[in-house]
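S.K.: The following comprises the amino acid sequence and a computationally predicted model.
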Amino acid sequence: MDDFMARRPITDNKARVCGYHMLFGPHTGAILNTAIVGYTEFGQVKQSQFFTTLDELSEHSAVYLDYTEGLLDIIDSHTALQEPSDRIILFKKGLYVHTDTCKKLKARGFKLAFDSSFFSNGATPPEAADIMIVEFPMTSLAVQSGLIRKYRNKVAFLADKIETWSDFRVARDMGYALFQGFFFLWPTDSLRQKEIKALDVCLIGILSELDKPEPDFKNISEIIEHDLGLSYKLLRLVNSAYMAPKYRIKSISHALTYLGTRELHQWISMLMFSGVKSAENSELIRMSLIRGKLMALTSQELQLKSTGSEPFFTGLFSLIDVILNRDIRDLLVGLPISEDVKIALRGEGNELQSLLKFVVSYEQAEWQKIEDKYPLNVITPQRMVSIYMDAHRWATLIDN
């Protein structure tokens, strides 16, 4: 059985990412949203592929994993799970959990998170619980308040399915410490609008040259050579494990030739974009980078009409209205991107917008929407996982 792979951020009460809920599931259409199939159904090879990518996908933050039958055996056979100081096992509603299982997981150093159903309706609260998970929109505030009053000194509270800033603020004020949901992908009135910082003269000069029918790479090389920081970043990029040159590249001119026009265009655009980066929006910046690269790689795989940097720019700027807390239509007026990209970002419907919807569905583990958009005889789940990981590696390299 083929499988997809994705992650969902877990944030703290300051809306900062502190961990990731790892998700994977089959392409049969049977899995929707957060429902997860047992790891054991995928065989040893796929288990290995999934668990060995945990550190990469989590970027060394806390890892949240769903409990399924046979998980203990998998833990014992995968080294990625044998240092569990920041590993949390989630027990969903409806599961039967044996006390011995909890003891064995705790003995191995794992933290345990239980759905609130384990604490209500006369159930005996799990003594091993570290975290209580509450489906925030589906549970009355009165019930939640009662659970928090009763168990606040025993467990931390995780609010699940938080999709709006309003819900985040209510849950935070009630005493929740952890939050799962994509509320932070929406602008918030509580933040002031942010101005785009003055763009670097060197970067503007390079982009202007790259936009010419026949760019003068000698001129671009000279611009970069006069900027020590830019020279260092470029040489570090082309000599990285991701780019994997056969021999070490030592000159700017060689680096430009090796990188190519499209990659150089994307890299320079990213540097301009990162000028607005702050502690509050670092996860949004990372997601923008991943979306950009994921769109570029996926468009190549699907052989779409949209070529060059257009798919990349569509993904890269897909969250700029949230990052700057400004209306997307106002922002697009000043962005040096094609009209097709602007149409996609306005949500008016074209090939780029369809691809963006596909990428966002993958990012948010909405497996059924992925299948509905692109039949899997066009792009296989295995290939999609590979592309997804490549996009993550590229974003990690670029963002550091």
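M.R.: Happy to help now that I have it.

S.K.: Poorly predicted segments of the stretch 251-400 of the chain, please.
M.R.: Per-residue confidence of the stretch 251-400 of the chain (counting by pLDDT under 70) places the weak regions at 273-275, 307-308, 334, 336, 371-377, 400.

S.K.: Which stretches in it count as helices?
M.R.: Taking DSSP state H, counting those that start in this stretch to define them, one finds helices in the stretch 251-400 of the chain at 252-259, 261-273, 282-302, 310-316, 320-324, 328-333, 339-345, 351-363, 367-373, 381-399.

S.K.: Please save the CA atoms from the longest one in CSV.
M.R.: Okay, so that is helix 282-302. Coordinates of the C-alpha atoms in helix 282-302 are reproduced here as CSV (Å, rounded to 0.1, in the frame of the first residue of the first chain):
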residue,chain,number,x,y,z
SER,A,282,9.4,32.4,11.3
GLU,A,283,7.1,29.4,10.9
LEU,A,284,5.1,31.2,8.2
ILE,A,285,8.3,32.1,6.4
ARG,A,286,9.4,28.5,6.5
MET,A,287,6.0,27.3,5.2
SER,A,288,6.2,29.8,2.4
LEU,A,289,9.6,28.5,1.4
ILE,A,290,8.4,24.9,1.5
ARG,A,291,5.3,25.8,-0.5
GLY,A,292,7.4,27.6,-3.1
LYS,A,293,9.8,24.7,-3.7
LEU,A,294,7.0,22.2,-3.5
MET,A,295,5.1,24.0,-6.2
ALA,A,296,8.1,24.3,-8.4
LEU,A,297,9.0,20.6,-8.1
THR,A,298,5.4,19.4,-8.4
SER,A,299,4.8,21.5,-11.5
GLN,A,300,7.9,19.9,-13.1
GLU,A,301,6.7,16.4,-12.2
LEU,A,302,3.2,17.1,-13.6
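
S.K.: in that helix, what's buried?
M.R.: Applying a neighbour-count criterion of 16 or more other C-beta atoms under 10 Å, one finds 283-299, 301-302 buried in helix 282-302. Using the backbone N, CA and C atoms, a C-beta is placed for each residue, glycine as well.

S.K.: just to revisit the earlier point, and D167, which of the helices of the stretch 251-400 of the chain is closest to it?
M.R.: With C-beta to C-beta as the measure, helix 320-324 is the member of these nearest D167 (16.4 Å).

S.K.: Kindly export that closest one (C-alpha atoms) in CSV.
M.R.: Extracted C-alpha coordinates of helix 320-324, given in CSV (Å, rounded to 0.1, in the frame of the first residue of the first chain):
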residue,chain,number,x,y,z
ILE,A,320,2.6,37.2,2.5
ASP,A,321,-0.7,38.8,3.4
VAL,A,322,-0.6,36.9,6.7
ILE,A,323,3.0,37.6,7.3
LEU,A,324,2.6,41.4,6.8
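
S.K.: how far away is E351 from I370?
M.R.: Distance of E351 to I370, computed by C-beta to C-beta, to the nearest Å: 17 Å.
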